[in-house]
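**Student:** output the structure for:
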Amino acid sequence: YEVFCSAADAPFLWDSIMEAGKPYGACAASWGCLDIIRVEGGLLFFPFDMPKGDETPWEVGAEWTVDLSKPDFHGKAALERRRNEIRVANVGLEIDAHEAIEPGARIMKDGEQVGTVNSTAYSRHLMKSIALGHVKPELKAWGTPLEIVSERGTFPAYVVRTPFYDPHRIRTHPLEERA
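**Tutor:** Now for the predicted structure:
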């Protein structure tokens, strides 16, 4: 959970939440822990997974959040204009590396840069290096072989279905096929 409050109220709210949650085993978690869980779940986080800042819902796999059949709403005209302007596809990547690759690493295909790694983690549940990244739309099919060029070296990778690990949050990710 995220709690938003004024700085002055934060100590009281923190102590109250921790005390109320004690009988239920509530504990504080670091950003690092939460980020691994977020990447495993394939959950997007701005600005990491929208690095240009102007990606559309169709480019990041969040088209289910927009209903263009609704009456006019703020931003509707801009979304309608850009509906078919698909510059990138958000994909899940399994990387043959024994640690997390740094965000910003280059995604390559046949010697050409075809995308960028955005969010990364080494999943202890899956025992794999995983990432969310943007690739050219024609490379989004599951199983597409790619290479990741990072500060740590060059590693083979494959486009895979997301969420990587999501045992009970099926509602957050429709079971549609992405080809």
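**Student:** from here on, contacts and neighbour counts on C-alpha atoms
**Tutor:** Will do.
**Student:** got the contact list for Trp64?
**Tutor:** Under the criterion of CA atoms under 8 Å, 6 or more residues apart in numbering, Trp64 has no neighbours.
**Student:** wait, is it part of a strand?
**Tutor:** No: assessed with DSSP: H, G, I helix; E, B strand; the rest coil, Trp64 is helix; it does not lie in a strand.
**Student:** mind listing what's buried in the strand ranked longest in the chain?
**Tutor:** As assigned by DSSP state E, the longest strand anywhere in the chain is strand 112-123. Neighbour-count burial for strand 112-123, counted by 16 or more other CA atoms under 10 Å, picks out 113-123.
**Student:** how about the residue sitting nearest the centre point of the chain, secondary structure?
**Tutor:** Nearest to the mean C-alpha position of the chain, counting by CA atoms, centre = their mean, stands Leu44 at 3.5 Å. Leu44 falls in the coil class when you classify it by three-state DSSP.
**Student:** burial count for the residue nearest to it when sequence neighbours are not counted?
**Tutor:** Leaving aside its sequence neighbours, Leu44 sits nearest to Arg38 (CA to CA, 6 or more residues apart in numbering; 7.5 Å). Other residues near Arg38 number 20, with proximity taken as other CA atoms under 10 Å.
**Student:** now do the host helix or strand of Arg38: everything it contacts.
**Tutor:** Here Arg38 sits within helix 31-40, counting by DSSP states H and E. With contact meaning CA under 8 Å, 6+ apart, helix 31-40 is reached by 44, 119-123, 130-132, 163-166.
**Student:** and the next element down the chain from that helix?
**Tutor:** helix 76-82.
**Student:** give me the mean pLDDT for that next one.
**Tutor:** Helix 76-82 comes out with an average pLDDT of 94.
**Student:** residues contacting that helix, please?
**Tutor:** With CA under 8 Å, 6+ apart, helix 76-82 has contacts from 56, 68.
**Student:** buried sites along it?
**Tutor:** Of the residues in helix 76-82, those buried (16+ other CA under 10 Å) are 76, 79.
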